[in-house]
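Visitor: quick one, structure for this:
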Amino acid sequence: MIRMHRTLALTALVAATAGIALTGCSSPQEAPDDALALGTGVAVEVGTGVEMSFAIDDVREGKLSDLAEMGVQSTPSDEGKTPYFVTYSVTLTDGDIKDADRSALPVPTTDEWKLSGTGSYQPIKVLGQFDCTPDGNATAGVSPDAPLVACQAFLGDKDALPTVVEVEDLGTWATKG
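Guide: Alright, predicted model coming up:
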């Protein structure tokens with residue numbers, strides 16, 4: 001597996017309805033040559049004879065009002081910033097879900113994400129559940145018939161251009177083909 005290294009700086013942001021933490025990242029301008037295309041999965045072994053695929057499916061720009069719909073209150077310091085939403089999926093590709101080691105499931109925590117490109121981006125940690133997928137199709141877990149579909153939110157500079165999504169221990173994806 002690929003191990004991504006990054007420098008993290010933690011800043012606390014107090015919101016009216018939820019707490020969020022922002023993590024600052026330095027960013028390259030272009031995706032590396034070995035970056036995966038959106039929708040390309042990486043295999044993750046999650047138990048004896050059980051394999052799942054983790055894929056970045058979509059990166060889209062949102063509006064600050066989208067954060068409010070998620071239950072996150074923006075602050076005056078967020079003015080001029082833009083939220084970005086990265087949709088990912090985890091699909092059972094081999095074995096039986098009941099044999100999966102739940103602690104090995106490829107569901108990254110907020111501090112395992114990095115979005116980079118032109119501008120700076122901070123992953124947003126939201127307490128509680130939210131759905132920031134493009135079509136509102138988030139799912140709560142992997143089943144034999146359906147993938148887990150979830151999203152990681154970021155707060156970025158206005159008019160930023162994300163080009164790379166990195167997920168620690170899983171891989172690097174280019175946002176453009």
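
Visitor: just the helices in this protein please.
Guide: 64-69 (DSSP state H).

Visitor: and N137, how far from G47?
Guide: Distance from N137 to G47, counting by Cβ to Cβ, to the nearest Å: 26 Å. C-beta: built from backbone N, CA, C; applies to glycine.

Visitor: tell me which of the two has more neighbours.
Guide: More crowded of N137 and G47, by other Cβ atoms under 10 Å: G47, with 18 against 11.

Visitor: number of nearby residues for the spatially closest residue to the more buried one that is not a sequence neighbour?
Guide: Using Cβ to Cβ, 6 or more residues apart in numbering and skipping the chain neighbours, the partner closest in space to G47 is D101 (4.2 Å). As a burial measure, D101 scores 11 neighbours (other Cβ under 10 Å).

Visitor: tell me the bridge partners for the residue positioned nearest the centre of the chain.
Guide: In the chain, the residue lying closest to the centroid (Cα atoms, centre = their mean) is Q152, at 3.4 Å. Here Q152 sits in beta bridges with V86, going by DSSP bridges.

Visitor: how near is F130 to M70?
Guide: In terms of Cβ to Cβ, F130 sits 4 Å off from M70.

Visitor: so where's the protein shaky on pLDDT?
Guide: 1-29, 127-129, 177 (pLDDT under 70).

Visitor: can you give me the strands in it?
Guide: Taking DSSP state E as the test, the strands found in the chain are 9-14, 19-24, 36-37, 41-45, 51-61, 81-94, 113-118, 121-124, 148-157, 161-167, 171-174.

Visitor: reformat these as TSV; add distance to E30.
Guide: As requested, those are arranged in TSV below (distance: least, Cβ to Cβ, whole Å):
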stretch	distance to E30
strand 9-14	23
strand 19-24	20
strand 36-37	15
strand 41-45	21
strand 51-61	15
strand 81-94	17
strand 113-118	8
strand 121-124	15
strand 148-157	17
strand 161-167	6
strand 171-174	9
